[in-house]
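K.L.:
quick one, what's the 3D model for this:
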Amino acid sequence: MGNEQRGKKIAIIGALGYEQHGGGHSITCYSWPQLSKVRGLKDYDYVIVDLTIPEARKLIFNELRNALNLYVIDDLVCHDATIIVIGDPRFDVAGTPFLSAWTGLSFRWDHQSGTTVVLSSRLNKTEYISHLRSWQYSLIDVEIERQQLLGAKTKILSDLLASSATDLELEVEVIARNRYNNALALAIRWIAKDRRQGGIVMRSGPLILLPEVGLDQDQTVLMVLNDFCGVQSSLPEPIWLASYVAPHQGEIDDQIAKLEGDIKSLEVALVSARRQREDARVCLQLLFGSGFGLESAVWKVLRQLGATVREPVGNKKEEDGWISFQDGERTLDAVLEIKSTTKDTFGLDGIRQAVDWRTRSGLRDQKPYKGVFIGVSAIATEPKNRPDPFSDSWRENAEIQAIVAISAEDLYYAYVLHCDGTLDLGRFWRAVFQTNGVFSLASFMETGQRSES
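P.N.:
From the prediction side, this is the model:
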């Protein structure tokens with residue numbers, strides 16, 4: 001198995017104090033109340049599930065499902081990881097059998113107890129199993145819950161089960177049994193066979209079920225780590241040992257505290273930087289956005305270009321906003337119509353809407369407004385590959401109606417020029433308000449090439 005060639009990564013659920021992050025191996029522990037915090041189990045080589053304490057039977061189904069589910073099983077066992085369950089699994093979580101809830105397997109148990117234990121002669125005897133003297137239950141058989149697995153649609157197991165080219169079966173290795181040939185300890189693997197050739201195309205890592213053997217939790221966990229994971233670990237520190245400080249520990253504790261503080265500060269800084277990045281990229285909505293996303297980007301960029309923007313109130317299907325720019329002693333006022341389309345060109349309805357907004361706002365506020373149409377077309381296409389969004393008839397109508405049309409792409413590049421410090425805002429706004437028809441940014445481009453930085 002691949003995990004023999006490197007340090008082993010082990011997760012223990014249900015037992016604390018066995019953490020180890022040196023000697024080439026890593027052991028991470030989670031108590032049952034911490035189950036909701038368990039993430040990334042698929043990255044482990046071994047997952048040990050300890051059911052030997054009462055807390056295990058107080059599981060909340062959603063917490064169990066978030067940590068252990070068919071998708072985790074799919075990622076783990078199909079990539080040669082090992083799952084080890086210690087203790088009696090015969091209990092339900094929200095009416096669903098504990099093991100079936102996350103393995104996609106159906107188990108049939110014999111609930112009779114006994115004392116006869118027969119160890120498999122084909123398997124190496126482990127120290128843990130040698131302590132098994134009696135049993136309270138045994139496993140009669142196990143099979144795949146086919147409908148559950150098909151419905152889950154996992155990447156590997158579900159596909160193999162649904163495929164007409166493979167048969168998905170279970171391979172069961174009995175580690176210990178009773179006189180009735182029922183399993184007391186066993187390893188289950190999923191295997192997929194080629195229907196034509198008969199060969200095995202996939203053999204998963206094992207799901208190992210171990211009964212309690214009368215040892216305390218510390219002895220149990222340490223033996224399982226040694227016998228089944230090949231990792232030696234130490235006893236967890238007793239509670240009273242916390243008051244003891246080892247030589248040089250104080251300096252190390254101070255360093256840890258500082259590093260933890262640095263991590264928290266960096267996490268705060270990272271969240272802030274990500275928000276700033278998200279805010280900085282709002283302007284890119286001008287190149288592909290629609291609806292509120294496009295409108296918000298237009299309002300933000302217009303403000304950055306020196307305009308005062310008044311946004312519409314509520315969800316009324318009316319004007320898309322109003323802007324004003326102070327040009328010396330003169331105030332330039334405009335009303336906005338903002339549109340996006342997947343089509344290559346704009347329809348004439350955008351002109352009619354801009355004219356309607358101009359007329360209505362002028363009558364209501366008793367002052368003249370310039371109608372400004374801002375739009376982005378062919379939003380599924382990269383800007384450099386888009387055709388001219390304004391047809392000849394569109395340009396002619398916009399000129400006749402005395403509105404100005406600005407492509408959202410041109411507005412974006414005007415913003416780029418402004419950020420570069422090369423856009424004269426006064427000249428820009430005067431040109432916008434003096435234009436009847438389609439506004440061109442060409443005269444404002446220093447090199448004639450649009451920067452995309």
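K.L.:
going by C-alpha atoms from here, please, whenever you check contacts or count neighbours.
P.N.:
Noted.
K.L.:
quick one, grab the pLDDT at Met426.
P.N.:
For the record, residue 426 is Gly, not Met. Note on Gly426: pLDDT of 94.
K.L.:
distance between the helix or strand where it lies and the chain's centre?
P.N.:
If you go by DSSP states H and E, Gly426 is part of helix 425-434. What separates the centre of helix 425-434 from the centre of its chain is 46 Å, taken as C-alpha atoms, centre = their mean, to the nearest Å.
K.L.:
shouldn't Ile129 be within a helix?
P.N.:
Yes: counting by DSSP: H, G, I helix; E, B strand; the rest coil, Ile129 is part of a helix.
K.L.:
before we move on, the earlier item: name the residues of the helix holding Gly426 that are buried.
P.N.:
Neighbour counts over helix 425-434 (16 or more other C-alpha atoms under 10 Å) mark Leu425, Trp429, Val432, Phe433 as buried.
K.L.:
other SSEs contacting it?
P.N.:
strand 322-327 (3 or more C-alpha pairs under 8 Å, 6 or more residues apart in numbering; DSSP states H and E).
K.L.:
may I see the buried residues of the strand it packs on?
P.N.:
Quick answer for strand 322-327 (16+ other C-alpha under 10 Å): Trp322, Ile323, Ser324, Phe325.
K.L.:
how about these in TSV, adding distance to Val93 and pLDDT?
P.N.:
Shown next, in TSV, are those (distance: C-alpha to C-alpha, whole Å; pLDDT from 0 to 100):
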residue	distance to Val93	pLDDT
Trp322	58	96
Ile323	60	97
Ser324	63	96
Phe325	65	96
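K.L.:
ok so, going back, quick one: the helix holding Gly426 to strand 322-327, angle?
P.N.:
130 degrees (axes from the mean of the first three to the mean of the last three C-alpha atoms, to 10 degrees).
K.L.:
with just CA atoms, put helix 425-434 into PDB.
P.N.:
Only the C-alpha atoms of helix 425-434 are listed here, as PDB (Å, rounded to 0.1, in the frame of the first residue of the first chain):
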ATOM      1  CA  LEU A 425     -12.300  63.800 -16.000                       C
ATOM      2  CA  GLY A 426     -13.600  67.200 -16.900                       C
ATOM      3  CA  ARG A 427     -12.900  66.600 -20.600                       C
ATOM      4  CA  PHE A 428     -14.300  63.100 -20.400                       C
ATOM      5  CA  TRP A 429     -17.700  64.300 -18.900                       C
ATOM      6  CA  ARG A 430     -18.000  67.200 -21.200                       C
ATOM      7  CA  ALA A 431     -17.500  64.900 -24.200                       C
ATOM      8  CA  VAL A 432     -20.200  62.500 -22.800                       C
ATOM      9  CA  PHE A 433     -22.800  65.200 -22.400                       C
ATOM     10  CA  GLN A 434     -22.000  66.800 -25.700                       C
END
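K.L.:
which other residues reach it?
P.N.:
Helix 425-434 is contacted by residues Leu305, Gly306, Phe325, Asp327, Leu332, Lys370, Val404, His418, Phe439, Phe444 when judged by C-alpha atoms under 8 Å, 6 or more residues apart in numbering.
K.L.:
likewise for stretch 283-295?
P.N.:
297-298, 300-301, 320, 338-341, 376-377, 379-380, 383, 408-409, 411-412.
K.L.:
distance check, the nearest residue to Ala297 once chain neighbours are set aside against Cys419.
P.N.:
With C-alpha to C-alpha, 6 or more residues apart in numbering as the criterion, Ala297 has its nearest non-adjacent residue at 5.3 Å, and that residue is Cys283. In this view, Cys283 and Cys419 are 12 Å apart by C-alpha to C-alpha, to the nearest Å.
K.L.:
who's more crowded, these two?
P.N.:
Cys283 (24 against 12; other C-alpha atoms under 10 Å).
K.L.:
part of a helix, is Gly306?
P.N.:
No: counting by three-state DSSP, Gly306 is not found in a helix; it is coil.
K.L.:
list the contacts for it?
P.N.:
Going by C-alpha under 8 Å, 6+ apart, the list of residues near Gly306 reads Phe325, Leu425.
K.L.:
show the pLDDT at it.
P.N.:
At Gly306, the pLDDT recorded in the model is 96.
K.L.:
chain center to the top helix by length along the chain: distance?
P.N.:
Scanning the chain for the helix with the most residues, using DSSP state H, yields helix 249-280. Chain-centre distance of helix 249-280: 22 Å, with C-alpha atoms, centre = their mean.
K.L.:
what about it, average pLDDT?
P.N.:
93.
K.L.:
so for that helix, what gets flagged as buried?
P.N.:
Under 16+ other C-alpha under 10 Å, helix 249-280 has no buried positions.
K.L.:
show me what it is packed up against.
P.N.:
Right, helix 249-280 is packed against no helix or strand by 3+ C-alpha pairs under 8 Å, 6+ apart.
K.L.:
secondary structure element for Trp109, which one?
P.N.:
strand 105-110.
K.L.:
three-state assignment of Val335?
P.N.:
Strictly by three-state DSSP, Val335 counts as strand.
K.L.:
what is the closest residue to it other than its chain neighbours paired to in the beta sheet?
P.N.:
For Val335, ignoring the flanking residues on the chain, the nearest one in space by C-alpha to C-alpha, 6+ apart is Trp322 at 4.4 Å. Per DSSP bridges, the residues bridged to Trp322 are Arg310, Val335.
K.L.:
Trp322 is in contact with Glu337, isn't it?
P.N.:
No: in this structure, Trp322 is not within contact of Glu337 by C-alpha atoms under 8 Å, at 9.3 Å.
K.L.:
re the thing from before, show only the entries of the contacts of stretch 283-295 found in strands.
P.N.:
The strands, defined by DSSP state E, take in Ile338, Lys339, Ser340, Val376 from the contacts of stretch 283-295.
K.L.:
ok, those residues vs Pro389, which is closest?
P.N.:
Checking the ones in strands among the contacts of stretch 283-295 against Pro389 with C-alpha to C-alpha, the nearest one is Val376 at 8.0 Å.
K.L.:
look up how far Leu132 lies from the residue nearest to the closest one when sequence neighbours are not counted.
P.N.:
Nearest in space to Val376, with sequence neighbours left out and distances taken as C-alpha to C-alpha, 6+ apart, is Ser340 at 4.8 Å. Distance, Ser340 to Leu132, using C-alpha to C-alpha: 72 Å.
K.L.:
show me where the stretch 1-150 of the chain dips below the pLDDT cut-off.
P.N.:
Within the stretch 1-150 of the chain, the segments meeting pLDDT under 70 span 1-6, 22-23, 60-61, 122-125.
K.L.:
rerun that using 80 as the cut-off
P.N.:
Along the stretch 1-150 of the chain, the model assigns pLDDT under 80 to residues 1-6, 21-24, 35-40, 55-66, 121-126.
K.L.:
can you list the domains in this protein?
P.N.:
The chain breaks down into these domains under automatic domain parsing: 2-242, 282-444.
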